[in-house]
Each structure stands twice: as C-alpha cells, then as structure tokens.
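K.L.:
got a predicted structure plus its sequence, pasted below:
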Amino acid sequence: MSGMNYSSADDDELVKAARQGEFVAFEELVFRHRDRIYARVFSMTRHEADAVDLSQDAWIKGWQRLAQFQGESSFTTWMTRIAINLCLDHLRKQKRHRLDSIEEMDAESGGVERQMPVVAENPTAGLERAELRRKIDGALGQLTVEHRTVLVLHEFEDMEYKEIAKTIGCSLGTVMSRLFYARRKMAALLADVKKET
C-alpha cells in the first residue's frame, strides 16, 4: 500500500489503506474533507474556537473508530455524524453550565456566511447579500440548539427526517415538529428582510 498515490485515490481506497495503519492515507482524507466538517460544526456551535477544537476531536475519533466504519454511507457522512454527535454533547454541557446571550451569539461571524460565498455584480449588491447573510446567521443564533440542529442537518446536510431522527436519537415526529417550528421561527425572524427587498 505504501506505493499508493494518495492524492489520486478515491475515499474508499484511502479508508482501506488507513484501516491497515497507513496514517498518511487518513491525513489525505482529513485534507479533503476538513473544511466541510468544520463548516458543519461551526454552523451548530457558532463559535470559532469551539468549532476548531470539536473538528479536531472529530478527526481523532474518526481515526480511533475507523475499524467501525462499515461503508454503509460515504466516509464524509460517517465523519459528519461523529462531528455532529460531539457538537450535541458539547452544546448540552454548555447549556448546563451557562447560557450564551443572543447578543454574544450574534456577534460571532461565519456560519451561514461560510456556506454562501458572495459573487458580487457590484459593491452595493455584495453589501446587501452580506447583510442578508448576517441576518440569517443572527436568526439561526436565536433558535434553540434542538431546533438549529434539525434545521442544519436538513438544509445543509440534506438529511432525510428518518436519518436525522437516527443521528440525534429522537422520534420521527419530534424531528418533523422541530423542523416545522424552526422554519416558522426563521420566517418570523426574517420577515423584515422580505419587507426591505
């Protein structure tokens, strides 16, 4: 396996090599997918330092649990689930210890902004879109952890209801009601944006 060209290998080949102890193959997987994992973690935690730490923890767990990866889903889906579960644990602990104010959460930049790069026809249009992303990100910050989680998984991860229920360990009905509430809350919070456009 040492003669393998890691950069041209597909994910499955890299996973196979990594499971045989080729750490360089795993490093290639990290290099390919770290931005996506970080973006998912950040969209849930909305805190840059936490997102960096949790992303790193996810990759460490990924390496430690590689033998458990059965290939039933893609490697990135599997890694995303590890990262999401770490986020959920972190957010539950955080909730028990302290409540972040909405003002503090709104002060954080990124999140949805990272997901939606600006291609500006003119500077004014770019500013308008940046402002819209800030409002969307601020609205996301006002959702509870539970509601934000289902919204992120469904909208950003394209996960189906059943998959979300399995990932976060709740019933299908709970996922549907949380998603309904999260969408309704986001619509209410962003109502002024529609009026302005």
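P.N.:
Perfect, thanks for sending it. Residues are numbered from 1 along each chain as shown.

K.L.:
quick check: which ranges of this structure have low pLDDT?
P.N.:
1-3, 95-129, 192-197 (pLDDT under 70).

K.L.:
can you tell me the centre-most residue of it?
P.N.:
What sits nearest the mean C-alpha location of the chain, by Cα atoms, centre = their mean, is Arg40, with 1.4 Å.

K.L.:
I'd say that residue and Thr80 touch.
P.N.:
Yes. Between Arg40 and Thr80 there is a contact at 5.6 Å, judged by Cβ atoms under 8 Å. C-beta here means a position set from N, CA and C on the backbone, and glycine is covered the same way.

K.L.:
need the residues touching each of these two.
P.N.:
Here Arg40 and Thr80 share the contacting residues Glu157, scored by Cβ atoms under 8 Å, 6 or more residues apart in numbering.

K.L.:
in three-state terms, label the nearest residue to Thr167 once chain neighbours are set aside for me.
P.N.:
Using Cβ to Cβ, 6 or more residues apart in numbering and skipping the chain neighbours, the partner closest in space to Thr167 is Arg81 (5.7 Å). Using DSSP: H, G, I helix; E, B strand; the rest coil, the structure places Arg81 in helix.

K.L.:
separation between Arg81 and Ser8?
P.N.:
Going from Arg81 to Ser8 by Cβ to Cβ, to the nearest Å gives 27 Å.

K.L.:
comparing these two, which residue is more hemmed in?
P.N.:
Arg81 (20 against 8; other Cβ atoms under 10 Å).

K.L.:
wait, that one touches Lys166, no?
P.N.:
No. Using Cβ under 8 Å, Arg81 is not in contact with Lys166; the gap is 9.0 Å.

K.L.:
for Phe180, helix, strand, or coil?
P.N.:
Per three-state DSSP, Phe180 ends up helix.

K.L.:
which residues touch His33?
P.N.:
Taking Cβ under 8 Å, 6+ apart as the test, what His33 contacts is 75-76, 79.

K.L.:
buried stuff in stretch 42-54?
P.N.:
42-47, 50-51, 54 (16 or more other Cβ atoms under 10 Å).

K.L.:
equivalent analysis for stretch 157-177, please.
P.N.:
157, 159, 161, 163-165, 167-168, 174-175.

K.L.:
identify the farthest-apart pair in these.
P.N.:
Glu157 and Thr174 (17.5 Å; Cβ to Cβ).

K.L.:
elements contacting whatever helix or strand Leu14 lives in?
P.N.:
Using DSSP states H and E, Leu14 sits within helix 11-19. Helix 11-19 is packed against helix 23-45, helix 75-97, with contacts defined by 3 or more Cβ pairs under 8 Å, 6 or more residues apart in numbering; DSSP states H and E.

K.L.:
pick the most deeply packed of those.
P.N.:
helix 23-45 (a mean of 19; mean count of other Cβ atoms under 10 Å).
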